[in-house]
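Quick one, structure for this:
(2 chains)
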Amino acid sequence: MAANFWTSSHYKQLLDQEDVDVAQPLDREKGITVEDYKLIKMQMSNYISKLAQHVKVRQRVVATAVTYMRRCYTRKSMTEYDPHLVAPTCLYLASKAEESTVQARLLVFYIKKIYSDEKYRYEVKDILEMEMKILEALNYYLVVFHPYRSLVQFLQDAGMNDINMTHLSWGILNDTYKMDLILVHPPHLIALACIYIASVYREKDNTAWFEELRVDMNVVKNISMEILDFYENQRLVSEERINAAFGKLALKT
Amino acid sequence: MAEVDLSKKVADRYLKREVLGEGTYGVVYKAIDTKTGQTVAIKKIRLGKQKEGVNFTALREIKLLKELKSPHIIELIDAFPHKGNLHLVFEFMETDLETVIRNTNIFLSPADIKSYMQMTLKGLAFCHKKWVLHRDMKPNNLLIGSHGQLKLADFGLARIFGSPDRRFTHQVFARWYRAPELLFGAKQYGAGVDVWAAGCIFAELLNRRPFLQGSSDIDQLGKIFAAFGTATPSQWPDLAYLPDYVEYQYVAAPPLRSLFPSASDDALDLLSKMFTYDPKARITAQQALEHRYFSSAPLPTEPNKLPRPATKRASKASDFNPQEGPTVLSPPRKTRRVMPDREGFEGNANRTDKIEEHAGETKNADGEIAGRNEQVPTSVDFSIFAARPPSRPTINSADRSHLKRKLDLEFQHPE
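Have a look, this model is predicted:
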């Protein structure tokens, strides 16, 4: 698969970190910062995962949906594209694009079941309308590569595919979707960073195996550091801060 | 001209002209791109009645065509929403290979056939390199541009096949182009299915009529075995393990030469490799391109020198009336490919004749389906309900599971 990642639209669309860390002008006017953006996107990634658990779709669909959502906000404002609608719509679109369609009315049913909050209340027609807008925002590029397959192959190759290591690194990988890594780095490097963290955490020495790979280990280490920073910051994130970020958006009144 | 009345601005940039026909999932218009002056074809995608947003088939096509940019694959130029409908802008193509094959006024030299096959295989090899299966190869989906260049189109059934263990539906391709592993119900298959279909297209170019015109899935296999001999486990070790495997009475293969009297030795050799039963042993699209057939004389005709149908106007109704079952030669999984009405009457007259030869089986079976719902694949085998010739008693129990599986089809998005 790696062979065709390099010719894919995903590769061509990889962004520099500074192009991802932006708040759209309309949102900035409301005092929304890049930090607020990160919190809101994280919250919406969680929302997508939670909703996905109810409608039972593969992890791949979740990952694609989160990627769509994150790509969307590198171009569109949260003021015009309400995250509470964009998130389920991305899940809907990703389910189709990944060939495991979930009906829009099923999503709406579970949204109502999980959240009583008015902010989340959207109907089928809203999702379908937003679907078209998201497609446009994505410039109709729908194919996304994910690190999961490389992760499994790497673990196997390194002889680290025991349940323990697999679970840990897989879990870390899931968490990377709470960040924008997938928009910036090739998937296989993200996979390596997850393995790197997991092996350090489990005190397994894989230096020799990593050295044999023809990859820039500095990049892998940088990604690993980003992930660790994320975990570190995570502990400081309070409910209030998230609410404050959403408060600035003040979407539905 | 009347066309002026039809002209209409679509999303500012495109000047809408006449309707070209009905595609798989909506109306297709001819239009002028005012930005480039280029003629384009715009597919207006109907929104499903089931409140399911952008049509699933259309979405597949968008997804894959955005990744596949090649001179031998139809170009998706643009997409835009307009009045709640999604519109896809494709490069405009003059005709298609089916029209060329059916047109009795066109003589296809061995070099012309080689050229069409080379372009077909180049498009296919490109898809396979990108891990995309086309899954609906047939002459009607091979479009021909104004300079004779052939391009693969209609990716509505196509899929990415990267994941090794993914199971797919075997209900793909129009039946006459379906590989034996699909007819035996294989769920894990690969690029070989497209190569088999390309072989059928090769045969069709040589003989100027569809090669294996089965009237049901069972009959299709019968036709295949009659042409190449019954498949045996020695040729194809996995054969007996396929889900819908049934034993066929052994028939020996007639000499391949007798089926293709006009073909060269190289052509026959390539054909036999494309029609290899075991998909693992079947030649790949890339290997086929490297076959000596393509490097030996006569060399492939330059695309712009290929014979094409005369560009004269004919009655509009003749070609794409979706209800007109009998004029459709390919099994009507969908309505006819959209082609401008430049095809002469001869082509159609010829087509009607041909279909009448098979009217008994093809028309009835397919017509019934088309009447119910245009979207239903023709592969639903209604002929099973009809009386079976008593000569094949082994089939009944297998048919039941066959049918059951078929009723279980992925009808993801009826429109």
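
Any idea how many residues pack against the closest residue to chain A within the stretch 251-400 of chain B?
Across the stretch 251-400 of chain B, the shortest distance to chain A (C-beta to the nearest C-beta) belongs to residue B:286, at 13.8 Å. C-beta coordinates here come from the backbone N, C-alpha and C atoms, glycine included. Per other C-beta atoms under 10 Å in any protein chain shown, the neighbour tally for residue B:286 reads 15.

That one: which element?
Residue B:286 belongs to helix B:285-289 when elements are defined using DSSP states H and E.

Identify the residues contacting that helix?
B:118, B:121-122, B:124-125, B:128-129, B:191, B:194-195, B:198, B:270, B:273-274 (C-beta atoms under 8 Å, 6 or more residues apart in numbering or on different chains).

now stretch A:212-225
Around stretch A:212-225, the neighbours that count as contacts under C-beta under 8 Å, 6+ apart are A:181, A:185, A:188-190, A:192-193, A:196-197, A:210-211.

Where does pLDDT dip in chain B?
Counting by pLDDT under 70, chain B shows low-confidence ranges at B:1-11, B:23-24, B:48-51, B:162-166, B:311-415.

the helices in it, which residues?
For chain B, helices defined by DSSP state H occupy the ranges B:2-6, B:56-65, B:97-102, B:110-129, B:180-183, B:192-207, B:217-228, B:256-259, B:265-274, B:285-289, B:292-295, B:345-357, B:364-372, B:395-407.

what's the answer for the stretch 1-150 of chain A, then?
A:2-5, A:9-12, A:17-20, A:25-28, A:34-55, A:59-72, A:83-97, A:104-114, A:124-137, A:148-157 (DSSP state H, counting those that start in this stretch).

of all those helices, which lies closest to chain B?
When the helices of the stretch 1-150 of chain A are ranked by distance to chain B, counting by C-beta to the nearest C-beta, first place goes to helix A:124-137 at 4.3 Å.

Which strands or helices does the closest one pack on?
Under the contact criterion of 3 or more C-beta pairs under 8 Å, 6 or more residues apart in numbering or on different chains; DSSP states H and E, helix A:124-137 touches helix A:59-72, helix A:83-97, helix A:104-114, strand B:76-82.

ok, now with 10 Å
Helix A:124-137 sits against helix A:59-72, helix A:83-97, helix A:104-114, helix B:56-65, strand B:76-82, strand B:85-91, with contacts defined as 3 or more C-beta pairs under 10 Å, 6 or more residues apart in numbering or on different chains; DSSP states H and E.

avg pLDDT for the second one?
Translated: helix A:83-97. For helix A:83-97, mean pLDDT rounds to 96.

Who wins on neighbours among the contacts of helix B:285-289?
Neighbour count (other C-beta under 10 Å) singles out residue B:194 as the most crowded of those, with 31 neighbours.

Counting neighbours, what do you get for residue B:15?
Residue B:15: 16 surrounding residues under other C-beta under 10 Å.

ok, it touching residue B:31?
Yes - the pair residue B:15 / residue B:31 is scored as a contact, 5.9 Å apart, by C-beta atoms under 10 Å.

Which residues belonging to stretch A:78-87 are considered buried?
By 16 or more other C-beta atoms under 10 Å in any protein chain shown, the buried positions in stretch A:78-87 come out as A:78-79, A:81-87.

Generate TSV for those residues, with distance to chain B as supplementary columns.
Converted to TSV, those look like this (distance: C-beta to the nearest C-beta, whole Å):
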residue	distance to chain B
A:78	21
A:79	20
A:81	15
A:82	18
A:83	19
A:84	18
A:85	14
A:86	15
A:87	16
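
Farthest-apart pair in these, please.
A:79 and A:87 (15.6 Å; C-beta to C-beta).

looking at the helices and strands packed on helix A:124-137, which is closest to residue B:233?
So among the helices and strands packed on helix A:124-137, helix B:56-65 is nearest, using C-beta to C-beta, at 35.8 Å.

give the contact list for residue B:74.
B:41, B:61, B:65, B:68, B:90-91, B:93, B:123, B:141-143, B:145, B:151-155 (C-beta atoms under 10 Å, 6 or more residues apart in numbering or on different chains).

Narrow those to those in strands?
B:41, B:90-91, B:142-143, B:151-152 (DSSP state E).

how does chain A divide into domains?
For chain A, automatic domain parsing gives the domain ranges A:16-143, A:148-234.

which one of these is the most hemmed in?
Mean neighbour count (mean count of other C-beta atoms under 10 Å in any protein chain shown) peaks for domain A:16-143 among the domains of chain A, with a mean of 19.

And that domain, end to end?
19 Å (C-alpha to C-alpha, to the nearest Å).

Figure out how far it is from the centre of its chain.
10 Å (C-alpha atoms, centre = their mean, to the nearest Å).
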